[in-house]
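K.L.:
Here is the input, now give the coordinates:
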Amino acid sequence: MKKEHEISAPGPLEIFAAFLKLGLTAFGGPAMVAYIKDLAVKQKGWVKERDFSHGVALVQTIPGATAMQAAAYAGLRAAGPSGALCAYTGFSLPAFILMLILTIAYSHGQNLPAVLSLFSGLKVIVVAIVANAAINFGKKTIRSYPDALLTASGAAYIILNGSPVTVIILSAIAGPLIYMREIRKDSQGQSQSQGAFDRNFLQRTFRFGIAASACIAALLACLAYFSPRLATLGLIMTKIDFFAFGGGYASLPLMLHEISDARKLLDAKTLMDGIALGQVTPGPIVITATFVGYMLYGLSGAVIATLCVFAPSFVVLLLITPWFDRVKSNAIFRQAMRGVLCSFVGLLVAVAVRFAMAVQWQIMAVLISLAAFLALRFKVDILWVVIAGGLLSLLLL
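P.N.:
Model prediction:
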């Protein structure tokens, strides 16, 4: 293991290869942050432990899948903006390829009796997964009566077919008003963690973020001219990623609303199949976007949906890094984010309820879902829960 001051400077291809290898086994969502730290800090010595901790604080504040953003930040610290891009791409590529293969297989065999039995069981496991995520999120977030009020309000609004984006915006506005006492306490002084970036590095990072934003805008403009339906898909996924504060699971309420409720592109049952497939692939749950894109518009849809569900949060990472110390220490911002995170607990509760309503329940389905939920509560790896549940579904449903 390298000492902290012995920081090497890898090339972009070396970073890509290292994160590609790590991405092949990237199961567990946010739990992968520990493995990213082990790779970048301990094994390779690319990043100082203090700086990686600074990055973890950043990625938990901005939208996007936590592990994906942590990989990008490690690449940024190791080799600048190009390193961030290589780490982000390498880490996500295995998930995209495997999800695409599984989706193609699903699209050709979804009406076979065995496949119907398999996914009827996987749907009830998805209900258990989302319910468990809501509990885990809630334990970390809900600490007071106002927290519970924001959570319940968000859940009720979504169950009544409201827009998650509306909930997020209103919660961000309500947070500073509800937590005014905490703002006064925070304003007395916050110590800033030192990112230790030099000015030239920050300028290059910000310029790269602006350039990446321009590329995304140009892509969507071209799609609007040549293929309006792909442009619409890209805009939907961009919107989902941009508002997905709190990690990959935060994308589920947004995806359910945009894909199934508002636009009727896929029904909730089919979307649940995509979420189930996303659990047996490495990478974040938001890789479900690949499934959605392919089911709607084939290979081109899969590529556009995946690109647009990952690109916005990557750009946000690049643009916010130069200002993060200042932003995260702002008392109003902190309480606005608290309101948003509370609302996401409610959104996850609502999604669990909506998914449960989409399932055709029978005794064995209830037992499988309950067993999956209990296994997740006892910290059984989600991959094994999905595999075991799928096998039981084939045998019993």
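K.L.:
going forward, measure contacts between C-alpha atoms and count neighbours the same way
P.N.:
Noted.
K.L.:
Against which helices or strands is the lengthiest helix in the chain packed?
P.N.:
With DSSP state H setting the assignment, residue counts place helix 66-109 as the longest helix in the chain. With contacts defined as 3 or more C-alpha pairs under 8 Å, 6 or more residues apart in numbering; DSSP states H and E, the secondary structure elements packing on helix 66-109 are helix 12-23, helix 32-37, helix 49-59, helix 199-226, helix 268-279, helix 288-320.
K.L.:
in the last one, what counts as buried?
P.N.:
Buried residues in helix 288-320, defined by neighbour count with 16 or more other C-alpha atoms under 10 Å: 288-299, 301-320.
K.L.:
that older thread, quick one: which of the helices and strands packed on helix 66-109 is nearest P113?
P.N.:
Ranking the helices and strands packed on helix 66-109 by their distance to P113 (criterion: C-alpha to C-alpha) puts helix 268-279 first, at 15.0 Å.
K.L.:
In CSV, could you pull the C-alpha coordinates for that closest one?
P.N.:
Taking only C-alpha atoms (Å, rounded to 0.1, in the frame of the first residue of the first chain), the coordinates of helix 268-279 have been written out as CSV:
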residue,chain,number,x,y,z
ALA,A,268,-45.8,-0.4,-14.6
LYS,A,269,-45.5,-4.2,-14.8
THR,A,270,-43.1,-4.0,-17.7
LEU,A,271,-41.0,-1.3,-15.9
MET,A,272,-40.8,-3.6,-12.9
ASP,A,273,-39.4,-6.3,-15.1
GLY,A,274,-36.7,-3.9,-16.1
ILE,A,275,-35.9,-3.0,-12.5
ALA,A,276,-35.6,-6.7,-11.7
LEU,A,277,-33.2,-7.2,-14.6
GLY,A,278,-31.3,-4.2,-13.3
GLN,A,279,-30.7,-6.0,-10.0
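K.L.:
quick one: average confidence on that helix?
P.N.:
The average pLDDT within helix 268-279 is 90.
K.L.:
what helices or strands is it leaning on?
P.N.:
Right, helix 268-279 is packed against helix 66-109, helix 113-141, helix 288-320, helix 331-357, helix 382-396 by 3+ C-alpha pairs under 8 Å, 6+ apart.
K.L.:
Show the contacting residues for A221.
P.N.:
Contact criterion C-alpha atoms under 8 Å, 6 or more residues apart in numbering gives A231 as the residues in contact with A221.
K.L.:
go on, A95?
P.N.:
Residues touching A95, when contacts are defined by C-alpha under 8 Å, 6+ apart, comprise 23-24, 281-283, 287.
K.L.:
do the same with G390
P.N.:
118-119, 121-122.
K.L.:
Nearest to T151 among the residues you listed?
P.N.:
Sorting these by how near they are to T151, with C-alpha to C-alpha, puts L122 at the top with 27.2 Å.
K.L.:
isn't the closest one right up against G389?
P.N.:
Yes - the pair L122 / G389 is scored as a contact, 6.7 Å apart, by C-alpha atoms under 8 Å.
K.L.:
tally of neighbours for the closest residue in space to Q203 that isn't next to it in sequence?
P.N.:
Leaving aside its sequence neighbours, Q203 sits nearest to P322 (C-alpha to C-alpha, 6 or more residues apart in numbering; 7.8 Å). When neighbours are defined as other C-alpha atoms under 10 Å, P322 has 20 of them.
K.L.:
Please consider this matter closed, and thank you.
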